[in-house]
Structures are given as C-alpha cells and as structure tokens.
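# Next come a sequence and a model predicted from it.
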Amino acid sequence: MFQRIAESSVIDGVDIQLDGEIYHIPVTLSVAAAVLFIKGDEEYRRHVDGHARAPFCLMGCCHECLITIDGEPNRRGCLVSVAEGMSIERQLEGSQDDG
Amino acid sequence: MGELCQAEIAIIGAGPAGMAAAIRLAQAGIRPVVFDMGNAPGGQIYRQLNAPVIGETLSGTDYYRGRRLLRDFSRADIDYRPRSQVWWGQCESDGVSLGVVDSAGASRWHVHRLLLATGSMERSWPFPGWQLPGLMQAGAAQILFKEGGLVPEASPVLAGSGPLLYLLAWQYCRAGCAPQRILDTTPASRYRLPLRYLRGAWKGRHYLMKGSRMMLALKRAGVPIHHGVEALEATGRNRVERVHYYWRGHWHDQDTSLVLTHFGVVPEPQLGRAIGIPYDWHEGQQGFLPVRNASLQARDRVWIAGDGGGIGGALNAEREGRLAALSMLTVSANDVADRERERRRLEHRRATDLAVRPLLEAMFRLPSHWLSEQPDTTLVCRCESVSLGELRRAIEQGAVGPNQLKAFTRCGMGPCQGRECGESVTRLLSTVQARPPQEVGYYQVRPPVQALSLGELAAMATDA
C-alpha cells in the first residue's frame, strides 16, 4: 500500500527477517515503516479487543505499532530503525502484556 | 547499569528547539547532554534531513532550511545521545534527577538544569472508525515520506483541518500521487478571516502566501477540496474501505483504502506533567500548555522550549531554544550586556513571527462539541478500547473527573498512557458538565512516561 517514489535518493539496504521471511529494506526505515512497506496495514497487529490495528502516529505516541523485535515483544516499531539481520515478528494474536 | 551520571545541563529532544539550545550552550562553553528518542537529530520537522531521501522540489523549502541547524549541531561539542528515552524525572533542591533508558540499559542522571524540548504530537480527534488500519495521521504519512520516500500506492483521502493537511496534499501532488479529495472541516468562510486580523495577516504573510500557493496548486491539479465538512466516519471489515462525510447537509460516500487525518498539534505533555509542571488550558490553541514565565522557565531549574511549550512552529522553536539557553546561562554570565542585546533581538523576531498565530488559531479552530456529537460506539481510548458510550455511562454514574473516569473505565490506562485520549476526556467532561476545560483538568500523569521493561527498571532500582 506504500511504494517508494522514483525520485527518492538511492539508499543502502539491509536484510531483515519478517515472520521468518527475508526482505531487503532501505536502511532509513523504521521497523513499523518496513512492515507497512512489505505487508501493508491490514495484518500489522491484532489488538486485545480482537480487531486489526496498524500504526497511527509513527512518532512514539500512539503505541499502535507494538511489535516483537529480536525476541522482545511490545516494542514501538516506529522508534527502532531496521538493521542487518534483525528479526521482526508481528503480534497477530492480541498482544498487550496486561491484556 | 544503574550508575549515577552527572551533567550541568540536560536537554530532552533534538528537534529545532533542543538543537538550537544545545548549540548556544556549547558556544558558551557548556557541554550539554541531549537525550533524543530519534535515531538522528532533527525532531519530526527535520527528520532524516541528516541524510535526505527526498529532494527539495518534493519536500518544499522549509524542510531544507533545517540543514544549517543540523550542521551547527553536528560540529558543536555536545553529548548527543540518540535512541534514549527519559522515562522518569524528579525535581530536587539542587537539580533534577532523570531516569534514562537507551540501548545500553537504564541509567540515572542528576543534572543542575533541565530543558524540555519534547515537541508536540498530533491532536487525537475521535470519530467512528478512526482506529481502523488504513487510517493514519497526516504526520505519520509525512514521516514515511521523509524516512524512505514512501507514498501511498492508491490515491488517499485527506481529512481534517490545518496547514499540515495542505502541505501533505501538495507534497503528494509533487510526488505524482495526488489525493482523491480533501475533506476540510474548516468552513470556507474562515479562509476570509485574514481580513479581520490585518496586523497578524501582514506579519504572517509568508505563511499565508505559502498556504494560498499550495491551495492553488491543488486546485490546478484537479484535487477536489470540500470546505466545511461537519462529520466523518471510516468503515470497512478489517481495514478502511470507505469514508463517509457530512457536507452541505448530506452524507456522502467515497471508496478509499487510505484516509490521512490531521486536526492540529498539541504539546506532548507526559514528562512535563510527570515532573509536576502545571498546565493551563489555552482557549486559542484548544489544548493544555505548560505554564512558563517570560524566560521560558516552568519551575526552578526547568525550562521548556519549542512546541512542547505551545504551538509556534519550527522557527519559533529554534528561537525559543536559544532564548532558553540564554536564560539558563545568565546565572553565571559575565558578559551580560551582549546577551541582553541578543535576547532582545530574538524576542523581537519571535514576537513578529508569532503575530500570525491568533489568526491561524481562529482559522483552524475545531468545533469543541465534536466529540460529544459522535455516536456511542466511537472509540475514545484506543489502547483499552473504551467507547464514548462507556464514558458517558460512567459520567452518569458519578465519575466527576478524568482520574475517576480512568478508574471506572480503564480509559487512559493502556500503553500510550493517555496521550491519545487525555484531552478528549477533558473535552467530553467539559461539554457534559458544562465546566471549562481548565476546571475539569487532566489525568494525573505518573512515571514511567516511556515504556520500559521490568528488567530495565529492576536493574536501576538495585544499583542506584
């Protein structure tokens, strides 16, 4: 649902794992942006109320982008940049700690 | 992990205010520590400008204006700490204690003076379906654009009010993905307000001309702009499929997979509130602002600069950063006269720049009864999925203030800690109880104001 514009400058890429599959992603993207870029927003996260949710503010406020990064759950995906070899898992089961 | 670190001055945030303050302090021979949630300096406005992804023809010139600030910041002697979150703060007689988490773990700091340059956030403005995937804030869309040159594959609908909506629409047009339409909740008559605010309009002509140029470009590109949209609703099964809007006395439907909303920005309040700074309701800005004196000081040893202290934009933030730095310096100054001249010059430019604000506030004023007119099923607290109907019932059952409403319904108890619902709750109580927002107040904000793991907390507690 998001695409890179042709005019944007060439950016180095990194290989990340998203739910076990490897993707080559521009290094400037946050984890949340990378997941939106690869998968779109329909299956970003499942909320405790059972409904699908996706990033809303992308600047650290809304906490809608919670995701598992390198095994650590509930990280704000918008605050973490992608890095070579990073493993990302979407939380598709309804995922807040206190849920 | 729990070591105690010290600094003369700490700055939280590396947007224009934080950067400008740090640069000015470094010029005076002080090496401030700057804690920043971002991966690189710039804040939201100058995000990714350290290694730009989009060119000036797409971003507009205001973005690239930040390069000078970034250059000076990178050359100055500053202890810059990206990817650090300040989750706790406490004012003490000899300074301020801070709890910081970064990739190395948790640490505790003691600083003599503190500058909060934590900026603003987009105002939450609930309507049915605003929690669906496929609905994002305009600022989020801008972040994707700046961070990776990402634009929507399918033409989006832009909805809401304020300059950012038109900036984003203009940028998307330049990038070849013009919006399907703009649903502007501002009545068309408001765009004639500059005639009634002549002084502000003249002093702020740069902003107004930029706005009219953008609107003209959008009209030329054939983007329909509907002024005076009175209600919105997003619907779809698992994501947004359609947006409905009430305009000119009827409901209209528009198929779309992406709705980008903007309803202005408000100061991000969490840390300021957590360290006990009082916030007052500002009628013009329709939100709570921290109480500061003329030197931008909020309490003993604490200053606030930039949009976190009230919405004034990037140029104002930069000036406030320098002013706050000067105010922090005067304690030990020996060249008082020079600094006084510098301060007066900055104050003068700041006042000229801010003269347009009352006009902009009146132009983009949001209807204060919006929330109370939404249907009961509208979510107010996204984190705990608390609906407007639940809040209404709790108020009927005797929840008289925001904190009781929180205890009754869990509204504001989720991971975002009330950032997204706090002012909505104040607005709702204000309308229902016919009390001014100032009297209704806001949640009691308590640390941790940033999410941290129990392990990080435990490491600090045992060692410090």
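Looks like it arrived, so ask away.
# How many residues are close by the residue in chain A positioned nearest to chain B?
Of all residues in chain A, residue A:8 sits closest to chain B, at 2.5 Å by Cβ to the nearest Cβ. All C-beta atoms are positioned from the backbone trio N, CA, C, and that covers glycine. Using other Cβ atoms under 10 Å in any protein chain shown, residue A:8 has 21 other residues around it.
# That one and residue B:156, how far apart?
Distance from residue A:8 to residue B:156, counting by Cβ to Cβ, to the nearest Å: 18 Å.
# Where does chain B get nearest to chain A, residue-wise?
Closest point on chain B to chain A, by Cβ to the nearest Cβ, is residue B:149, at 2.5 Å.
# pretty sure that residue contacts residue A:4?
Yes: here residue B:149 lies in contact with residue A:4, judged by Cβ atoms under 8 Å, at a distance of 5.1 Å.
# Identify the bridge partners of residue A:88.
residue A:18, residue A:69 (DSSP bridges).
# Pull the contacting residues for it.
A:16, A:17, A:18, A:19, A:31, A:34, A:35, A:67, A:68, A:69, A:77 (Cβ atoms under 8 Å, 6 or more residues apart in numbering or on different chains).
# What's the ChimeraX syntax to select whichever of the residues you listed are buried?
Applied in ChimeraX, the following selects the buried portion of those according to 16 or more other Cβ atoms under 10 Å in any protein chain shown:
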select /A:16,18,31,34,35,67,68,69,77
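# Could you export the contacts of residue A:88 as a markdown table, including pLDDT?
A markdown table is the format used below for the contacts of residue A:88 (pLDDT from 0 to 100):
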| residue | pLDDT |
| --- | --- |
| A:16 | 98 |
| A:17 | 98 |
| A:18 | 98 |
| A:19 | 97 |
| A:31 | 98 |
| A:34 | 98 |
| A:35 | 98 |
| A:67 | 97 |
| A:68 | 97 |
| A:69 | 97 |
| A:77 | 97 |
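# circling back: without its sequence neighbours, what residue ends up closest to the residue of chain A closest to chain B?
residue B:149 (2.5 Å; Cβ to Cβ, 6 or more residues apart in numbering or on different chains).
# how about the one you found, what does it touch?
Going by Cβ under 8 Å, 6+ apart, the list of residues near residue B:149 reads A:4, A:5, A:7, A:8, A:9, B:53, B:54.
# The stretch 101-250 of chain B: helices as residue ranges?
Under the criterion DSSP state H, counting those that start in this stretch, helices of the stretch 101-250 of chain B are mapped to B:138-148, B:163-174, B:198-203, B:205-220.
# With respect to burial, which of the ones you listed scores highest?
helix B:138-148 (a mean of 24; mean count of other Cβ atoms under 10 Å in any protein chain shown).
# for that one, packing partners?
Judged by 3 or more Cβ pairs under 8 Å, 6 or more residues apart in numbering or on different chains; DSSP states H and E, the packing partners of helix B:138-148 are helix A:31-39, strand B:150-152, helix B:163-174, strand B:259-263.
# if we compare the ones you listed, which one ends up closest to residue B:19?
For residue B:19, the closest of these is helix B:163-174, at 21.0 Å, according to Cβ to Cβ.
# which outside residues touch the closest one?
Here helix B:163-174 has contacts from B:57-60, B:138-139, B:141-142, B:145, B:151-152, B:156, B:158-159, B:178-179, B:182, B:184, B:207, B:211, B:214-215, B:217-218, B:221, B:223, B:260, B:262, B:265, B:360, B:364, using Cβ under 8 Å, 6+ apart.
# What about contact with chain A: does the strand ranked longest in chain B have any residue there?
What stands out as the longest strand in chain B, according to DSSP state E, is strand B:105-116. No: using Cβ under 8 Å from any Cβ of the partner chain, strand B:105-116 stays clear of chain A, with a minimum separation of 13.1 Å.
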